[in-house]
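A.B. asks: After the sequence you'll find the predicted model.
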Amino acid sequence: MASEPATTVELELEQEQRLVEEAQQGNLDAMRPILERYAAPLYGTVILPRLGDAASAEEVLRDTLATAVEKIRRFTWQGKSIYPWLRQIAINKVYDVHRQSKRSRRLADAMVHEVAVETDPASHADAQLIADQERRAHRDRIDETLQQLQERYRSAIELRLVQELSREDCARRLGVTIGTFDVLLFRAVRAFRKHFGERAELPRTGDT
Amino acid sequence: MATQDEDTLTGPVPDPETEPTAAELAHARRFAELVDKTLSGRTPPAMSADDRALLEVATVIRATRGNLELAPGAQHAAVEDALRQAIGTGPQGAAPVTSILEARARLRRRAPWIVAATSTLAAVAAIAALWLRTPGGAAHGPPVAHRAELPLEWTSRSADALIGPIARDHAGDAGARLDAIFADRLDGFRGFHEFRARRLTRGGKP
């Protein structure tokens, strides 16, 4: 899983601190293990869920990592992982994309707002905790929204987008034609977007 | 199309049992094909704003369920580009950033030696230049034309012409031969000084 950095690579905090210090002294290549370690969690749990577009998310990831390398001297080690700092850079980049985009991005805006309210990276020292919490927060939001959909719409999304079954298999499971399943999925995604956007417009006190 | 986009994104969503219109059927099929392409990892072509917005919903759902992870190649490219961008070189496709960084590191390590070698070479060149400008140094390469203008007795020359072959029975007369050579050199020395004295008397250079 992309969101389990601490379990997939044994990069201790001390080693991370040493690499950061090396980078701050001018050896930028010392940033490589850190970037390699956190690129996937940043992409999978911070950037992509807020943008909803893989190509844009990769660009934002690239910008995020480049900014991190450029500004590494400004980073102050406080006995915690560098991940919250990287995450904040990524979120700022996502905001920039939303600001620059003239299209309606109701869903992504909602993700940016709600998850930013719920997660407090500064309270955690461990990158894995932050990534896990963020992933859970995203998932809870999605699940809560799915629960508000009609049964057939929820099933259409579950089969096609979560289980990633083929259109034919989805149609067979629901006992409809492929054309009808296409309509179900189309409406289901529209409904999901509508409900999710409405949730985001609730008062912030209700989101905590 | 703006009205249709507006309806798709913000209009009411019919119940599952509601019969779709022909337009909705066509739109649903188009969206299904976009989802197909996205799920198979192919970047969909240009699409309308409402289709894009809906596809983003699908992508967010998939990403949240862990179905969308960063490909190793994309991760590698992102890291390389970030490092390359930070050290101010060209875009991806240029020399690998590792080699650039290694080259810089090598240069940093060798810098003291390079400075020392350059300084040594400069010092040697300066000493050589000074040595060539000294009179001793100049004796190695004076112009031949100047030597030709001097009288024979003023020049450095072999004593063979003065002494000639030494017969065996006169081999012991080395003192006489030295006296002859000394007298010849003394004669040349005096001639040279007389010449300088005459030039000084005429106001010429010594």
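C.D. replies: Received it, and whenever you're ready, just let me know what you need. Numbering: from 1, shown residues only, chains lettered A, B, ... in the order given.
A.B. asks: which sections of chain B are below the confidence cut-off?
C.D. replies: By pLDDT under 70, the weakly predicted segments of chain B are B:1-6, B:88-109, B:134-149, B:153, B:202-206.
A.B. asks: in which helix or strand would I find the residue in it that chain A sits nearest to?
C.D. replies: Residue of chain B nearest chain A, by C-beta to the nearest C-beta: B:Glu56 (2.9 Å). All C-beta atoms are positioned from the backbone trio N, CA, C, and that covers glycine. Under the criterion of DSSP states H and E, B:Glu56 resides in helix B:49-64.
A.B. asks: Name the residues of the helix or strand following that helix that come out as buried.
C.D. replies: As assigned by DSSP H and E, the chain's next helix or strand after helix B:49-64 is helix B:72-86. Buried residues in helix B:72-86, counting neighbours by 16 or more other C-beta atoms under 10 Å in any protein chain shown, are found at B:74-75, B:77-86.
A.B. asks: restrict those to contacts with chain A.
C.D. replies: Contacts with chain A within the buried residues of helix B:72-86, counted by C-beta under 8 Å from any C-beta of the partner chain: B:74-75, B:77-79, B:81-83, B:85-86.
A.B. asks: Reformat the residues you listed as TSV; add distance to B:Phe182.
C.D. replies: Putting these into TSV (distance: C-beta to C-beta, whole Å) gives the following:
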residue	distance to B:Phe182
B:Ala74	96
B:Gln75	94
B:Ala77	90
B:Ala78	92
B:Val79	88
B:Asp81	87
B:Ala82	87
B:Leu83	83
B:Gln85	85
B:Ala86	82
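A.B. asks: Of all pairs in those residues, which one spans the longest distance?
C.D. replies: B:Ala74 and B:Ala86 (18.5 Å; C-beta to C-beta).
A.B. asks: ok, the nearest residue to A:Arg187 once chain neighbours are set aside to A:His195 distance?
C.D. replies: Once flanking residues are discounted, A:Arg187 sits nearest to B:Val13: 5.3 Å by C-beta to C-beta, 6 or more residues apart in numbering or on different chains. Between B:Val13 and A:His195 the distance is 9 Å, computed by C-beta to C-beta, to the nearest Å.
A.B. asks: So which elements touch the helix or strand where A:Pro84 lies?
C.D. replies: Per DSSP H and E, A:Pro84 falls inside helix A:83-100. Helices and strands touching helix A:83-100, by 3 or more C-beta pairs under 8 Å, 6 or more residues apart in numbering or on different chains; DSSP states H and E, are helix A:31-41, helix A:48-51, helix A:54-70, helix A:106-118, helix A:127-147.
A.B. asks: repeat that with 6 Å
C.D. replies: helix A:54-70 (3 or more C-beta pairs under 6 Å, 6 or more residues apart in numbering or on different chains; DSSP states H and E).
A.B. asks: and the helix it packs on, which residues are buried?
C.D. replies: In helix A:54-70, counting by 16+ other C-beta under 10 Å, buried: A:54, A:56-69.
A.B. asks: Next: stretch A:78-87.
C.D. replies: A:80-87.
A.B. asks: Give me the nearest residue to the closest residue to chain B within chain A, chain neighbours excluded.
C.D. replies: Going by C-beta to the nearest C-beta, chain B is nearest to A:Gly52 of chain A, at 2.9 Å. Once flanking residues are discounted, A:Gly52 sits nearest to B:Glu56: 2.9 Å by C-beta to C-beta, 6+ apart.
A.B. asks: just to revisit the earlier point, what angle separates the helix holding A:Pro84 from helix A:127-147?
C.D. replies: With axes from the mean of the first three to the mean of the last three C-alpha atoms, to 10 degrees defining the directions, helix A:83-100 sits at 40 degrees from helix A:127-147.
A.B. asks: which residues are in contact with helix A:83-100?
C.D. replies: Residues from elsewhere that reach helix A:83-100 (C-beta atoms under 6 Å, 6 or more residues apart in numbering or on different chains): A:38, A:42, A:46-47, A:50, A:60, A:63-64, A:67-68, A:75, A:105, A:121, A:127, A:130.
A.B. asks: Most widely separated two among the residues you listed?
C.D. replies: Maximum pairwise distance in the contacts of helix A:83-100, criterion C-beta to C-beta, is 29.8 Å, between A:Phe75 and A:Arg105.
A.B. asks: After the helix or strand bottoming out on mean pLDDT in chain A, which helix or strand is next?
C.D. replies: Lowest by mean pLDDT, DSSP states H and E among the helices and strands of chain A is helix A:5-8, with a mean of 48. Counting by DSSP H and E, the next helix or strand C-terminal to helix A:5-8 is helix A:13-24.
A.B. asks: Sounds good, over and out.
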